[in-house]
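Peer 1: need a structure here:
(2 chains)
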Amino acid sequence: MEKSTIITLSLLAILTTIILLISTFKSDKRFDIKRKVKLLPYWSKYIGVLLAISSLILRWNDSTTDSSSLGYFWQFGFIIGGLVISLSKEKHEDEMTMSLRLNSVFIAFFAGIIAHIFFVLLNLLSGGNIDENNSLYSTGYILFLYILNFQIAKRRLLK
Amino acid sequence: MKNTLKVERAILNLTQSELAKKVNVSRQTINSIENGKYIPSTVLSLKISEVFSKTVNDIFTLDNDD
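Peer 2: This next block holds a predicted model:
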């Protein structure tokens, strides 16, 4: 195993421990999704849309900036825009929107992992190699974090 | 799950928006419940039944598929 892989895995392990410790100390035995999930205000969705669309337009117009710092900036702009949209509240936030959000996260999460594994395997079969730090390990980490969080929440409810 | 929300609303002459405001949800949520697309939580079911001064069982009944 490469040195950089060991460092990445160690950092991920430390990060996981910190997240779990914070969630354990912060929450009592009662599990309330309304108190657990804090979202951005509704208007921040417009900022996210603006950021994502402007990033797309700029990338479309200038394909030569791929490896430059500006190219990377707009790639991040698109992802951050998407993240802001995802984490923003709806205009009328109620139990149905929460239920829909939960279902969407569930589907997107597992569909994303399946698609990711498929493309990594496709790349491997066509002669490419697995980039340990950026592909399977990060997906595995997300999966691991989800399983741990879900199990902790379930155990807390059953206590 | 079947429900008589539309009928109960008509009896009290309430619009979807008015009922939504009373139980603190969006009009879309009430519409989805009426069309059987969304099954409300126990808390929301109790709030709805309170508006119509009936029990939850009077408004929501189990279907054969449930």
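Peer 1: Give me every residue in chain A lying close to chain B.
Peer 2: By CB under 8 Å from any CB of the partner chain, the part of chain A that sits against chain B consists of A:91-92, A:94-97, A:99. Every C-beta, even on glycine, is put in place using the N, C-alpha and C of the backbone.
Peer 1: rerun at 7 Å
Peer 2: A:92, A:94-96 (CB under 7 Å from any CB of the partner chain).
Peer 1: Quick check: the gap between whatever residue of chain A ends up closest to chain B and A:V105.
Peer 2: Scanning chain A for the residue nearest chain B gives A:H92, at 3.4 Å (criterion: CB to the nearest CB). Using CB to CB, to the nearest Å, we find A:H92 at a distance of 19 Å from A:V105.
Peer 1: Between those two, which is the more surrounded one?
Peer 2: More neighbours sit around A:H92 than around the other of A:H92 and A:V105, counting by other CB atoms under 10 Å in any protein chain shown; the figures are 15 against 12.
Peer 1: any idea which helix or strand of chain A has the worst average confidence?
Peer 2: Ranked by mean pLDDT, DSSP states H and E, the helix or strand of chain A with the weakest confidence is helix A:33-36, at a mean of 58.
Peer 1: burial count for the closest residue to B:K47 other than its chain neighbours?
Peer 2: Leaving aside its chain neighbours, B:K47 sits nearest to B:V23 (4.4 Å; criterion: CB to CB, 6 or more residues apart in numbering or on different chains). Neighbourhood size, B:V23 [other CB under 10 Å]: 19.
Peer 1: if we can go back for a sec, right, and the residue of chain A closest to chain B touches B:S26 too?
Peer 2: Yes - between A:H92 and B:S26 a contact is recorded at 3.4 Å, counting by CB atoms under 7 Å.
Peer 1: What is the burial count for the residue of chain B found nearest chain A?
Peer 2: Nearest residue of chain B to chain A, counting by CB to the nearest CB: B:S26, 3.4 Å away. Close neighbours of B:S26, defined as other CB under 10 Å, add up to 19.
Peer 1: shouldn't it be in contact with A:M98?
Peer 2: No - with contact defined as CB under 7 Å, B:S26 and A:M98 do not form a contacting pair (11.7 Å).
Peer 1: Quick one, grab the pLDDT at residue 11.
Peer 2: I went with chain A, as the question did not name one. A:L11 is assigned a predicted lDDT (pLDDT) of 74.
Peer 1: nope, chain B please
Peer 2: The per-residue confidence score, pLDDT, reads 94 for B:I11.
Peer 1: what does B:V56 give?
Peer 2: Taken from the predicted model, the pLDDT recorded for B:V56 is 94.
Peer 1: Contact partners for it?
Peer 2: B:45-46, B:49 (CB atoms under 7 Å, 6 or more residues apart in numbering or on different chains).
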